[in-house]
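Undergrad: my questions concern the predicted model and sequence given below.
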Amino acid sequence: MSAKAVRNPSAVAAAVYLGVSFLAAAAFAVLATLKGETSWPSRVIGAAWVFLLTTIVLMPVVIPWVRNRAEGR
Amino acid sequence: MSRVVLPVEGMSCASCVANVEAALQRLPGVHEVRVNLATEQATVEYDPSAVDVRTLQRAVEEIGYGLRSATAYLHITGMSCASCVENVRRALASLPGVLAASVNLSTETARVDYLPGAVTVREMVAAVREVGYGAEEKVEGAAALDREQEARRREIRRQRTNLLVATPLALLVMLGTFQPYGFLSRIVPEFLHNKLVLFLLTTPLVAGPGSQFFVHSFAGLRRGVTDMNLLYATGIGAAYLIAVVNTFWPEAGFGGPQATFYEAAALLTWFILLGRYLEAITRGRASEAIRRLMRLQPRRARVLRDGQEVEVSVDEVEVGDVLVVRPGDQIPVDGVVLEGYSAVDQSMITGESLPVEKKAGDEVIGGTLNRTGSFTFRATRVGRETALAQIIRLVEEAQTSKAPIQKLADFVAGRFIFWVHVLALLTFLFWYFVGYDLWFSPQTRLMLTPYALTGASAVGFAVLVSIAVLVISCPCAVGLATPAAMMAGTGKAAEYGILFRGADAVEALSKVQVVVFDKTGTLTQGLPSVTDVIPVGAADEQVLAWAAAAEKRSEHPLGEAVVRAAQERGLALPDPEEFQALPGRGVVARVDGHTVLLGNRVLMAEQGVALDELGLRAEELEAQGRTAMFVAVDGRAVGIVAVADTLRDTTPLAVRELRAMGVRVAMLTGDNRRTAQAIARQLGMDTVLAEVLPGEKAAEIKRLQDQGYRVAMVGDGINDAPALAQADVGIAMGAGTDVAKETGHVVLVRDDLLDVVAALQIARATMRLVRQNLFWAFAYNTAAIPLAFGILYPFLRQIVSPELAALLMATSSLSVTLNTQRMRGYVPPVRRRHRPAERARAEGAVAPAAAGR
């Protein structure tokens, strides 16, 4: 990611952490189904929990990283 | 392109300007440099993506100039834990122009060293607000006290209100949840157990007092920072959502119809609120020392204007004003007594237990209490310059600074939250994909809850375990553990007139292995007197007269002692025609056309003077601890003048106490080895560093450090400054009313050597408290994380309930709070054992000590 490309760091950061979290949640749903999970509330709640925790883990890492790239540091 | 104005120090000519310009211009990214010698400023235009202000600073310093920095204090609100501290510190430190930033949770203060011109206080405030906290510049004096007290009261009130609202709701939720069990079924109405009722009771609790955690954590997350609030919010939010799901979709698999989890959300909120309330109280109490000192600042003064007594605000008093003080009055500012006589209680500043007599010519200290008589005095220091204001600043600075141990704790806690969430995620995945199938039993119970999780699905079970991990891992007491103890310790020290310049000084002093005392003026009273005059081929009065005439222009205490002795005997002392002081050796003077030498063996040897039997006589005197000075006239030895200084009353006791604490005690002196050893023997010193020239003191300290010792040096803050600076801890003694001028990491207001012992004892007690607090802050979490992870589940079929996790967390805060309070009643053992009167009796017969140059 070049410094010039980062015009709106907040939006770029949000796209990164939300995108990765969504992928993690989707991966959980797929793996849960493969494991034999049949209850849709379980799949949804499990995926939501994975999404939430992944987002919380990623936000403080991704936001400063994107911001630093934007500022050319 | 950015522009910064750097205040450069040390430039004296045009070539300095050229040097600074060249050094800055050489840096990549610097476009233009203009250095102004008159204003001592360098204006630099630079590309911030290629170079930063710190690099500019380094470039200037590398070529031998300095950048004048300033210090700002900000009052920060909204911090609750060590990671908040780290967030605020990082926000400040990232500003160009900020050299160092330290943040103290207990005092809610940020200290920022910065380059004026490169950054403003307003920008610092904005940076802190940007990461979600409140900030404003700290004000000083009475207004600061009022504002700070109000802010602390407001915070305690807010947390108390939260707790008061939460307590009945949490209690009702608890009773309702456990209504069917045991005796509760007889005394609690059945409708309370209804899930909808529990929903209606828990929702206002989570959305009301509990909302602060969601608001704070979301504000932080939006800016990419995490703090403890996030752990609380995830824990409470997840427990509450599970309970709502269980209420409206009981078959969703979160423990079945019996398990509601409203009690988990409610109790979790309540315990965290309790922790917050305890922390607010601890913060309020920890800064008590500052508040106590600030309360001493008088607000009104009686000034004589045109012969009339006028009552004015103390801010209006100016240097030179004549003030009137009556019995019972607080002395408004520092000054010198003009007329009158009184006894003044100075205990609040110096720790001196007995009132001190004051008569014309004596100094008085602002903030102290006049007891008996009335007097007038002339103001010599007002406002920020008074002793009290200096002491407050010193204590504040100490309390805002960080000990190395705290930096480590903050570093750990700052990264803890990230890893706790990673652990919670791994815990969830492990129990969902592996653990549930291997070990889950329908008989599973949550600790502290009576019902079984019969209907728990894999997701429900895994989410519950990961919530417990989140809540139990939260080291919320870590943020307070070290600063609260440091504040209690430095505040306690200030009560005894012992001022630590920083928390690092407390930590360093607690680890000291060797205490080195400068002899003259520290171990001794610094007022030597002549004990013997031994003539050879001349009358003893003639020998003394020569010696005194030679020393007449000397400012050395030994010289003054010789002159005083001659004057007491009424001897005529001609002015020397020439005079030269030779540090560490003596003096050479021309008196009435004769060359007079007065000094030690080295001087005599240098000048080729034969000592003959005088050498033996000198050795005898030195063996008695006296300083023998040879007198030679026109190259011939004519006698010896011996001088001794009196040890302070407390010297032997202080040495004994230090040795009893396992500390090696050393004496540093310019005396010859024999004299020094005689005194050292009397005192029981472990090490003697004798024949040390004034300029070599720092090197002697370094030599001890090179041997692996951590060294404290006790001396005069002005004359011994290099040695105090070289030592791991420099202790400046007898600062009196001008503490700010003293060098040294620890400043003792009084001239009492027992305060050195007390300082060491307080430092050790404080560090003990820090270690205990850190233990209590981390122990519960560290021990309970494996439990929360479910390590015992395969054997016990029980998992830690979120409310049990919260209880452990609150216990951790409570332990730190109670442990810190113990410091309030602490009295250094040396002060408990030796009251002044007993001390005087104990040290009644003290032998004289030699006086050395």
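TA: Now that the structure is in, tell me what you want to look at.
Undergrad: setting aside sequence neighbours, what's the nearest residue to the residue in chain B sticking out farthest from the centre?
TA: Distance to the chain centre peaks in chain B at B:Gly537, reaching 60.8 Å (criterion: C-alpha atoms, centre = their mean). Among residues not flanking B:Gly537 along the chain, B:Val638 sits closest, at 6.4 Å (C-beta to C-beta, 6 or more residues apart in numbering or on different chains). The way it works is simple: take the backbone N, C-alpha and C, and place the C-beta from them, glycine included.
Undergrad: how about A:Phe22: what's its closest non-neighbour residue?
TA: A:Phe51 (6.6 Å).
Undergrad: what number of residues lie near the one you found?
TA: By other C-beta atoms under 10 Å in any protein chain shown, 19 other residues sit near A:Phe51.
Undergrad: hang on, isn't it packed against A:Leu23?
TA: No: counting by C-beta atoms under 8 Å, A:Phe51 sits too far from A:Leu23 to count as a contact (9.6 Å).
Undergrad: to which secondary structure element is B:Asp113 assigned?
TA: According to DSSP states H and E, B:Asp113 maps onto strand B:109-114.
Undergrad: who does that strand pair up with?
TA: strand B:70-77 (antiparallel), strand B:98-104 (antiparallel) (DSSP bridges).
Undergrad: and the next helix or strand after it, what does it pack onto?
TA: As assigned by DSSP H and E, the chain's next helix or strand after strand B:109-114 is helix B:121-130. The contact analysis (3 or more C-beta pairs under 8 Å, 6 or more residues apart in numbering or on different chains; DSSP states H and E) places helix B:121-130 against strand B:70-77, helix B:82-93, strand B:109-114, strand B:134-137.
Undergrad: turn the ones you listed into CSV, including mean pLDDT, distance to B:Val827 and mean neighbour count.
TA: Below are these laid out as CSV (pLDDT from 0 to 100; distance: least, C-beta to C-beta, whole Å; neighbours: other C-beta atoms under 10 Å in any protein chain shown):
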stretch, mean pLDDT, distance to B:Val827, mean neighbour count
strand B:70-77, 83, 31, 18
helix B:82-93, 83, 31, 24
strand B:109-114, 86, 28, 22
strand B:134-137, 83, 37, 16
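Undergrad: for the ones you listed, give me TSV that also has distance to B:Leu198.
TA: Output for the helices and strands packed on helix B:121-130, formatted as TSV (distance: least, C-beta to C-beta, whole Å):
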stretch	distance to B:Leu198
strand B:70-77	35
helix B:82-93	33
strand B:109-114	43
strand B:134-137	36
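Undergrad: just put the strands paired with strand B:109-114 in a markdown table and tack on distance to A:Val62.
TA: Converted to a markdown table, the strands paired with strand B:109-114 look like this (distance: least, C-beta to C-beta, whole Å):
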| stretch | distance to A:Val62 |
| --- | --- |
| strand B:70-77 | 26 |
| strand B:98-104 | 24 |
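Undergrad: out of the ones you listed, which is closest to B:Ala166?
TA: Nearest to B:Ala166, of all those, is strand B:70-77, at 21.6 Å by C-beta to C-beta.
Undergrad: tell me which element B:Val770 falls in.
TA: helix B:754-789.
Undergrad: pull out the buried residues from the next helix or strand after that helix.
TA: Downstream of helix B:754-789, the first helix or strand assigned by DSSP H and E is helix B:793-796. Buried positions in helix B:793-796, judged by neighbour count with 16 or more other C-beta atoms under 10 Å in any protein chain shown: B:Tyr793.
Undergrad: and after helix B:793-796, which helix or strand comes next?
TA: With elements assigned by DSSP H and E, the helix or strand that comes after helix B:793-796 is strand B:798-799.
Undergrad: so the closest residue to B:Ala488 other than its chain neighbours, which state does it fall into?
TA: Leaving aside its sequence neighbours, B:Ala488 sits nearest to B:Met823 (C-beta to C-beta, 6+ apart; 3.7 Å). State at B:Met823, reduced to three classes by DSSP: H, G, I helix; E, B strand; the rest coil: helix.
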